[in-house]
Structures are given as C-alpha cells and as structure tokens.
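how would this look folded up:
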Amino acid sequence: MSERRVRLGDVLDLAIEKGVYRGLGLARHEGQVVFVPRGLPGDRVRARVEKVGRGFVRAGAEVLLSPAPERRQPPCPLFERCGGCAYQHLGYEAQLRLKEAVLRESLARAGTGWDGPIEVVASPETGWRSRARFHLQPVAGEWRLGLHEEGTHRVVDLDSCLQVTPGLVGAARGLLAALAAQPAWARRVSEIALAESDDGSARVGALAWEGDPADGSRLAAVASSAPRLTGLGLATAEDRRYVGLHGSPYVETAVGDLRYRAHVLSFFQANRHLVGPLVERVREWSGGEGPVLDLFAGVGLFALALADGASGVIAVEQDARSSEDAEWNRERAGLDNVRIVRTEVAAALSALPAGEPERVVLDPPRTGAGPEVVRAIAERHPRLVVYVSCDPPTLGRDLAAFASAGYVPDRVAVFDMFPDTFHLETVVRLVPR
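Alright, predicted model coming up:
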C-alpha cells in the first residue's frame, strides 16, 4: 500500500538538507522533495504545506525546532516580512559558502557540473546598492514605499534599508512625502526607480507612470519639494519612455580609470563595491590581442575596459538608452577602436563578419543568452568566451549548449553582487574543447 501524499495544510517536521536557488531550503518527507523558503542547511523546522505541485511541495516554516549552527539574528528588524533579503539570518561567510554550493547544484541540475575551484568575491553587506526599485502602495489612507512582503504584493514600508546608503533612503522618503501630498497623482505611480552616483553627489528618480505622461507634468513641483534629488522624471508604463520633470536623468560611476554615465533607466551593475573587481576579472580572463565582441553591452562597462590592447571592440546593445550612454561614454574616453552597435544580439551575430579569432564577452539578462545566440557565437569560432550571468539556472542551460558546440569552462568565479539576497553573479570563461 502506497504512502499518503502530503496535502495543503499538512504540518511536517523537516530537516533542511541543502540550499537551492531563490533562497529555498530543500528537505524530504517520505521521499517527496519539500522546499522551505529561507530554510538553511542544518535547520530542523515544523512547516505547513502551502503548495503541492508535480514532484515537489512548498511549505512555510512555522516553528524552528533546532537552528543551523551558523544562523544569526538578522540585522534588519523587517527581515521576517520584507522580501528584499533571503539570507540575513545566516552569517556572511556561511552565505558565501552557500552561494557557491547553490551554483554547483544549479550547474549539476543542468548537466554542466563544475568540479574545479570557484573563486568567491565578497562584498560589504551594507550600503552596497547604488540602484534600487521601490514599490508605492496606498494602505488605509497612508502611503507605503518599499519592497514586497515575502510571497505577496503587499508593500513593506521602509524608513531604512541596509542595502542602500542613508542618502538614497533619504531621497526615497522625501519623494514619498512629496507624492503623499498629491494623492490624486500618486495613485498613478506604481514604482520608483532610484540611482545614485558613486560619490553620492547625484541621485535621480523615475516614477513608473500609468497613462498619458502629459498628465504628470504637474508633478514637476514634486521634484522641488523632494530633498536630495538632482533629477526626476516619469517612466511611462506603456513604452518605458522617460519624460523629464527636473534636472538630469544621469548618474556617473568611476571604474578604474574610466567614468561611466548611466541613465536612471539604463542597466548598470548595482553593487558599488564590486563593479570594479568584476570588470577587472572580465578584463583579465579575456585578455590578449585581437578583436573583441561585447554582447548585451549595456552602457559599455566591459567594452571600454577591454579597448586597451584590442585591435577593435564591437559593443552590441539593443536598448536605446543604454546604447546612447555607451556612445557618450566612448566619446568621452576618446576610444576610437570601440564601436557601439544598437541592434538585437542575434541580428548582430548574423550580420557581423567573423574575422581573425576574436574574444567574446556576454552579459545577458536573467533569461540568459539562449540556444540561438549560443550557437551563433560558437559558429564564429572565438578564441574564448567570457560569460557574465546573474541567473544560475539559465547559465547552466547555456553552458550545456556551449558544451554541445565544443566550448567548455576552464575558470569560474562568483561575485556576491547582492549580499544577503539569493542573487549571485557568476563569471565563466569558456575555451574550445
């Protein structure tokens, strides 16, 4: 007679065996895999089943029966509710070991296991974020600005956040007060994007705006009443158009000998402490002479740094704002051997001729490069590929595709660009088999 499968509402006593991606602890109950949000390897918990799917169960911990040895008191009092962090209850050195294990697990699940060493680069735990997105929500006549509560769309109001600097928190709270004074317009805002320069001299906000941006022109007064903001604009929900209300939409960051301008809505690495070491590692691992192809190039972060010694760098970026930033950064740096191409990556790979053996750098979004792009890269027969990934599962999928095309990893590093969260940045160098 088969054992009864668990059902919604069942209460289970579980021992967390290991951590897996997205901040989950993995346990087993009578052979069934059970995922426990924020469960740590070594925890024993009493958990209630919240979801039953094909081949897995999700259960929320209600009682901590015995803690993992490296559990700690979370430094943020909102940790239990706020979904912004996943590992604040785990000592930082243990976080780094867990993230390395999660990466190995993700790659193994994709069939691209890596048994070699993994370099792990740590970050300060506080004040690291130079870019943030906060949700705005009215609740019982008051306004909340912050991050979603764990597993819900309810906003946890943040009057402080260890991830960002006090200046950025102050700008966010000042903007909240200014918006709350105009509730009819505030109801058109769902989210606020914020960016801060490396020295804190510039802070820019972009309000996610529903409807005609012309209607929001009256919000220009918000900028003057919101302290610590050097620029403010609307980002339309329909087409992500930016409509300036006040000041400049740009912030700047120094990385090595270069300075980069980035629009508040352009992608730029958010960890102010590790962006320099990340660029240096990519430059080191892709070093050499000859041409470079930089895919998903953003504002030119890697392309400009790789120009020294290269016969030429082609940076491919589809987003109009980011490619405009990249061109501006290239011109200011005076790099004549760098060319910015605004187009889709797959289109660029089919249009650009492959000459002498090149080096390829790619930093795709969370969805990864995908099999079409991987095949197109491999067909160019590059000398090496340096892949920067922010999502272990899609990285594993793409590494499997590269392996099928004859390219295998020879170096792997983890950069903890998002301390206390489940996110991790991975750099992999691939060479011909």
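
other SSEs contacting the helix of greatest length in the chain?
Taking DSSP state H as the criterion, the chain has its longest helix at helix 92-109. The contact analysis (3 or more CB pairs under 8 Å, 6 or more residues apart in numbering; DSSP states H and E) places helix 92-109 against strand 18-20, strand 119-121, helix 392-404, strand 407-415. Every residue, glycine included, has its C-beta placed from N, CA and C.

Let's see that helix as PDB, backbone CA atoms only.
C-alpha atoms of helix 92-109 as PDB (Å, rounded to 0.1, in the frame of the first residue of the first chain):
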ATOM      1  CA  TYR A  92      28.100  36.200   5.900                       C
ATOM      2  CA  GLU A  93      30.900  33.700   5.500                       C
ATOM      3  CA  ALA A  94      28.300  31.000   5.500                       C
ATOM      4  CA  GLN A  95      26.300  32.900   2.900                       C
ATOM      5  CA  LEU A  96      29.300  32.800   0.500                       C
ATOM      6  CA  ARG A  97      29.700  29.100   1.000                       C
ATOM      7  CA  LEU A  98      26.000  28.500   0.500                       C
ATOM      8  CA  LYS A  99      26.000  30.500  -2.700                       C
ATOM      9  CA  GLU A 100      28.900  28.600  -4.100                       C
ATOM     10  CA  ALA A 101      27.100  25.300  -3.300                       C
ATOM     11  CA  VAL A 102      23.900  26.700  -4.900                       C
ATOM     12  CA  LEU A 103      25.800  27.500  -8.100                       C
ATOM     13  CA  ARG A 104      27.300  24.000  -8.200                       C
ATOM     14  CA  GLU A 105      23.900  22.500  -7.600                       C
ATOM     15  CA  SER A 106      22.300  24.600 -10.400                       C
ATOM     16  CA  LEU A 107      25.000  23.700 -12.900                       C
ATOM     17  CA  ALA A 108      24.800  20.000 -11.900                       C
ATOM     18  CA  ARG A 109      21.000  20.000 -12.500                       C
END
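
Distance from that helix to the middle of the chain?
17 Å (CA atoms, centre = their mean, to the nearest Å).

Could you tell me the angle between it and strand 407-415?
160 degrees (axes from the mean of the first three to the mean of the last three CA atoms, to 10 degrees).

In helix 92-109, which of the residues would be classed as buried?
Neighbour-count burial for helix 92-109 flags 92, 94-96, 98-100, 102-107 (criterion: 16 or more other CB atoms under 10 Å).

got the helices and strands packed on helix 92-109 as TSV, with mean neighbour count and mean pLDDT columns?
Formatted as TSV, these follow (neighbours: other CB atoms under 10 Å; pLDDT from 0 to 100):
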stretch	mean neighbour count	mean pLDDT
strand 18-20	21	96
strand 119-121	15	98
helix 392-404	21	97
strand 407-415	19	97
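
Indicate which one of these is closest to Y87.
Ranking the helices and strands packed on helix 92-109 by proximity to Y87 (CB to CB) places strand 18-20 first, at 8.7 Å.

Convert the lowest-mean-pLDDT helix or strand in the chain to PDB, retaining C-alpha atoms only.
Lowest by mean pLDDT, DSSP states H and E among the helices and strands of the chain is helix 220-225, with a mean of 80. The C-alpha trace of helix 220-225 is given here as PDB (Å, rounded to 0.1, in the frame of the first residue of the first chain):
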ATOM      1  CA  ALA A 220       7.300  68.800 -11.500                       C
ATOM      2  CA  ALA A 221       6.600  70.500  -8.200                       C
ATOM      3  CA  VAL A 222       7.300  67.200  -6.500                       C
ATOM      4  CA  ALA A 223      11.000  67.400  -7.500                       C
ATOM      5  CA  SER A 224      11.500  70.700  -5.900                       C
ATOM      6  CA  SER A 225       9.900  69.500  -2.700                       C
END
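
who touches that helix?
Helix 220-225 is touched from outside by 174-175, 177-179, 181-182, 185, 229, 231-232, 245-247, with contacts defined as CB atoms under 8 Å, 6 or more residues apart in numbering.

low-scoring stretches of this protein, by residue?
Low-confidence segments of the chain (pLDDT under 70): 1-4.
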